[in-house]
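Enquirer: whatever this is, show me its structure:
(one chain, ligands or ions: 2)
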Amino acid sequence: MYLDESVESLSGVGPKTAATLKKYGIKTVRDFVYNLPRDYENYNSPTSIAEMQPGKVVIRGKVSDLKTRQTRRRNLTITEGTVSDKSGSVSVVWFNQRYREHQFAPGVEYFFTGNFELRNGRYSLISPTTAETTYIDPKNGLSPIYVAHGGLKSNDFRRLMVKSREIFASIPDMLPSVKHGTRAKALFYAHFPNSLKSIQGAHDYLAYEELFELILASQLNRRENDKLQATALPFKAEKIRELVASLPFTLTGAQRRAAWEIFQDMGRTVPMNRLLQGDVGSGKTMVAGMSAYEAFLGGAQVALLAPTAILASQHYEGLRRILEPLGMKIALLTGATKKKPELKSQIYKGEIDLVIGTHALLTDDTEFAQLGLVIIDEQHRFGVEQRQKLMLKSPAGLAPHLLAMTATPIPRSLQLTVFGDLDVSILDEMPAGRQPVATSILAEVETKDKLYPKMQEILQSAPDAKRHGAKAHGQQIYWICKAIDEVADSKTSSGADGGQAEITSVKKRCKRLQEVFPQARVEFLHGKMKPAEKDAVMEAFASGEIDILVSTTVVEVGVDVPNATLMVIENAESYGLAQLHQLRGRVGRGASAAYCYLLTSGALKPSRRLLELARSNDGFHLAEVDLKLRGPGEIYGALQHGALDLRIASLSDTKLIARARKDVSAFLQKPENMVQYRELMGGITKYQQITTLN
Ligand code: ADP
Ligand code: MG
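Expert: Ligands and ions are numbered 1, 2, ... in the order given. Alright, predicted model coming up:
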């Protein structure tokens, strides 16, 4: 089918464009037509330049006098020029978007959308997005905006779409029994809307299609899983009781329940496929440790996969303390591990009972004698292929039991409908003595008066008794930097520019805090550092050699530094609720009181999101709130929901979910469907976590 053909077959796509597209995952004609706009601009009634008011404006005009200059600040260029229409002219400015200088054909009119505001004493149009008037239907003025990929900007995608306009008509439907519309129309109107209603219609169709695929994949996973054979690892009550008694704390009721559910599953010959959901700090690692011990007692090996080296080594240290005295042999396998061949040979011979590691675990030469249980921490950080790689390491003909763990709660309302293939255990109870993180919303201007004194107090507080790090002077602080530097235009700049701006802002903040707290040891961490550098900084923070860690969101995942008791999140409005909750979970892990400050610009009243976060520490409650706040009608927003990445549908589309679920059940009644709907069956492999093992 032509949808499977390479993008080179499209008109206007030469080898260079094709290479860029492919680099960003747009390989086939199908990928191309499904590369949906991230939003739409409405150029319906542009303002004349003479009548512009401060704030967001849309104007139509020609550009002249474009010049780019380098500022004294490193990494910042400013491109300035003039936009004119019949009524007058206005100065326009872009930051770090040098390509703008060569973007505009002379004498051609473009639309400009951006903020008209005061800058250096005069009103200018700041970082507007642009569109060629030729590509916009003058009747409705709607223009799609695409995510820029490398050298290909939104307008380039627009141009390519226009060139391929006629291929849409012949796109066949992929699903059976869709009552409203056709795929050809939905995809066409997504790229060439003729009204707001047509955009909504396209969205509904494509969201339904996506949900259908997801639910079908989930149901087939369950079928597939139930056909597989695993080694039954029967429950050894006496031994488990010994383990529990040896722990330095009492298990929570939720930990007991989850462990019990896991032991039941592991006792069967159908492989376990269970998701352990628990809010940050709820003690998932301990449940993983108990499961590993249970597997060991049954004579099986265990692999525990963690997303980062620092997390792997934390698990290693923590579990070793508890499990080694009980006779388990435990090893750490990360990129930094020395003597890998020796270790791998021990694993192969079955001399190691539990291997904890990162991606290094996945290489082909890591072979197990008797892999019976796979545990994946922060499972959403791993792709389908990576999970499969590990699953295939079990002895021929046998599948390992799978325990996936996540701190991102899936709202209960969705567990059955969308994730029907997973059994779910929930840790909905915090270990005793854990205090909620006192969360305040603070305007940036209050930093000096309200935040700095608090930071000083934390830095001088006695270290938390439960700290692991012996080198701490006082308690420690995380400072999370702005997601994106104020000057970088997040809409149009490519990821690379954004990354650069992030580094600048982290370093700047680090320097500033060092000035404010000259006695403190301040360090920074960002995503562009080499993994080994990142690990070194994290290690130093964990052991108390750093007092204030200035970082981007890379600290988000699972790190446990109980002596860190204060977190500052700059630009808090720019994060989603789930992410804020995850970030905040890095503090409040010890016995001391913990604090979180959400810094806002102060220009607006705090959003519902921030108010809810300040009010509640319950991840499940916040997940439900988040779902409600997003509401339906979020059009083509890249919705990240931890466990899955829905590109189109929103998990709050409950009616659509119910309909898709019903239709999938009907679909599965007819085995011949699996053969007939080949495109659908091919497409869902991207969601599948289990392939037939052999
Ligand atoms: P998460 O669920 O976020 O992965 P962890 O497993 O890292 O949480 O546990 C957080 C901290 O709580 C760890 O320091 C761990 O030792 C501790 N912990 C786990 N279970 C209990 C418990 N039942 N009582 C007290 N502390 C516990
Ligand atoms: Mg964890």
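Enquirer: okay, and the residue of the stretch 301-450 of the chain at minimum distance from ligand 1 sits in which element?
Expert: Among the residues of the stretch 301-450 of the chain, residue 431 lies closest to ligand 1, at 3.1 Å counting by C-beta to the nearest ligand atom. C-beta coordinates here come from the backbone N, C-alpha and C atoms, glycine included. Using DSSP states H and E, residue 431 falls within no helix or strand.
Enquirer: that one touches residue 248, doesn't it?
Expert: No - contact criterion C-beta atoms under 8 Å: residue 431 and residue 248 do not qualify, at 11.2 Å.
Enquirer: among these two, which residue is more densely surrounded?
Expert: Taking other C-beta atoms under 10 Å, residue 431 and residue 248 do not tie; residue 431 has more neighbours (17 against 7).
Enquirer: what residues does this protein have near ligand 1?
Expert: For the chain, the residues in contact with ligand 1 (C-beta under 6 Å from any ligand atom) are 249-252, 255, 278, 280-286, 407, 431, 558, 560, 589.
Enquirer: from those, list the buried ones, please.
Expert: 251-252, 255, 278, 280-286, 407, 431, 558, 560, 589 (16 or more other C-beta atoms under 10 Å).
Enquirer: those: which two are farthest apart?
Expert: Largest separation among those by C-beta to C-beta: 251 and 558, giving 19.8 Å.
Enquirer: for the closest residue to residue 129 other than its chain neighbours, give the beta-bridge partners.
Expert: Excluding its sequence neighbours, the residue lying closest to residue 129 (C-beta to C-beta, 6 or more residues apart in numbering) is residue 113, at 5.1 Å. Note on residue 113: beta-bridge partners residue 58, residue 129, judged by DSSP bridges.
Enquirer: how many residues are close by residue 113?
Expert: 21.
Enquirer: all numbers from here: first residue = 23
Expert: Yes, from this point I'll number from 23; that puts the last item at residue 135.
Enquirer: following the record's annotation, map out the domains of this protein.
Expert: As assigned by automatic domain parsing, the chain contains the domains 23-60+175-189, 65-167, 259-449, 459-638.
Enquirer: reformat these into a markdown table and put mean pLDDT next to each item.
Expert: Below are the domains of the chain laid out as a markdown table (pLDDT from 0 to 100):
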| stretch | mean pLDDT |
| --- | --- |
| domain 23-60+175-189 | 91 |
| domain 65-167 | 88 |
| domain 259-449 | 88 |
| domain 459-638 | 83 |
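Enquirer: quick one: closest of the ones you listed to residue 693.
Expert: domain 259-449 (18.7 Å).
Enquirer: from one end of that closest one to the other, what's the distance?
Expert: One end of domain 259-449 sits 21 Å from the other (C-alpha to C-alpha, to the nearest Å).
Enquirer: check the offset of that domain from the chain's centre.
Expert: Centroid separation for domain 259-449 versus its chain: 22 Å, with C-alpha atoms, centre = their mean, to the nearest Å.
Enquirer: per-residue confidence at residue 239?
Expert: If you check residue 239, the pLDDT there is 82.
Enquirer: just the buried positions in the helix or strand where it lies, please.
Expert: Using DSSP H and E, residue 239 sits in helix 218-249. Under the neighbour-count criterion of 16+ other C-beta under 10 Å, helix 218-249 has 220-221, 223-244, 246-247 buried.
Enquirer: please apply the same query to stretch 246-262.
Expert: Buried-residue list, stretch 246-262, by 16+ other C-beta under 10 Å: 246-247, 250, 252-253, 255, 258, 262.
Enquirer: give me the neighbour count for residue 380.
Expert: 22.
Enquirer: quick one: contacts for the nearest residue to it once chain neighbours are set aside?
Expert: Leaving out its chain neighbours, the residue that sits closest to residue 380 by C-beta to C-beta, 6+ apart is residue 356, at 4.8 Å. Applying C-beta atoms under 8 Å, 6 or more residues apart in numbering to residue 356 gives the contacts 331, 334-335, 379-380, 382.
Enquirer: what about residue 290, helix or strand, and which?
Expert: Assigned by DSSP H and E, residue 290 falls outside every helix and strand.
Enquirer: quick revisit: so which of the residues of the chain next to ligand 1 are in helices?
Expert: 277, 306-308 (DSSP state H).
Enquirer: distance-wise, check the residue in the stretch 573-716 of the chain positioned nearest to ligand 1 relative to residue 353.
Expert: Residue of the stretch 573-716 of the chain nearest ligand 1, by C-beta to the nearest ligand atom: residue 582 (4.8 Å). As defined by C-beta to C-beta, to the nearest Å, residue 582 lies at a distance of 20 Å from residue 353.
Enquirer: list the contacts of the residue of the stretch 123-272 of the chain found nearest ligand 1.
Expert: Among residues of the stretch 123-272 of the chain, the one nearest ligand 1 by C-beta to the nearest ligand atom turns out to be residue 271. It sits 3.5 Å away. Listed by C-beta under 8 Å, 6+ apart, the contact set of residue 271 reads 453-454.
Enquirer: circling back: could I get the contacts of residue 356 in CSV, plus columns for distance to residue 38 and secondary structure?
Expert: Formatted as CSV, these follow (distance: C-beta to C-beta, whole Å; DSSP: H, G, I helix; E, B strand; the rest coil):
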residue, distance to residue 38, secondary structure
331, 37, helix
334, 41, helix
335, 44, helix
379, 40, strand
380, 36, coil
382, 36, helix
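Enquirer: reformat those as TSV; add distance to residue 192.
Expert: Shown next, in TSV, are the contacts of residue 356 (distance: C-beta to C-beta, whole Å):
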residue	distance to residue 192
331	50
334	50
335	55
379	49
380	46
382	47
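Enquirer: return the members of those residues classed as buried.
Expert: Among the contacts of residue 356, those scoring as buried are 331, 334-335, 379-380, 382 (criterion: 16+ other C-beta under 10 Å).
Enquirer: mean confidence for the helix or strand harbouring residue 681?
Expert: In the assignment (DSSP H and E), residue 681 maps to helix 676-691. With pLDDT averaged residue by residue, helix 676-691 scores 86.
Enquirer: can you name every helix or strand that that helix contacts?
Expert: Helices and strands touching helix 676-691, by 3 or more C-beta pairs under 8 Å, 6 or more residues apart in numbering; DSSP states H and E, are helix 218-249, helix 434-440.
Enquirer: quick check: angle from it to helix 218-249?
Expert: Angle, helix 676-691 to helix 218-249, by axes from the mean of the first three to the mean of the last three C-alpha atoms, to 10 degrees: 50 degrees.
Enquirer: three-state assignment of residue 639?
Expert: Following DSSP: H, G, I helix; E, B strand; the rest coil, residue 639 is assigned to coil.
Enquirer: and residue 212, by the same measure?
Expert: helix.
Enquirer: was I right about it contacting residue 61?
Expert: No - between residue 212 and residue 61 there is no contact under C-beta under 8 Å: 11.7 Å.
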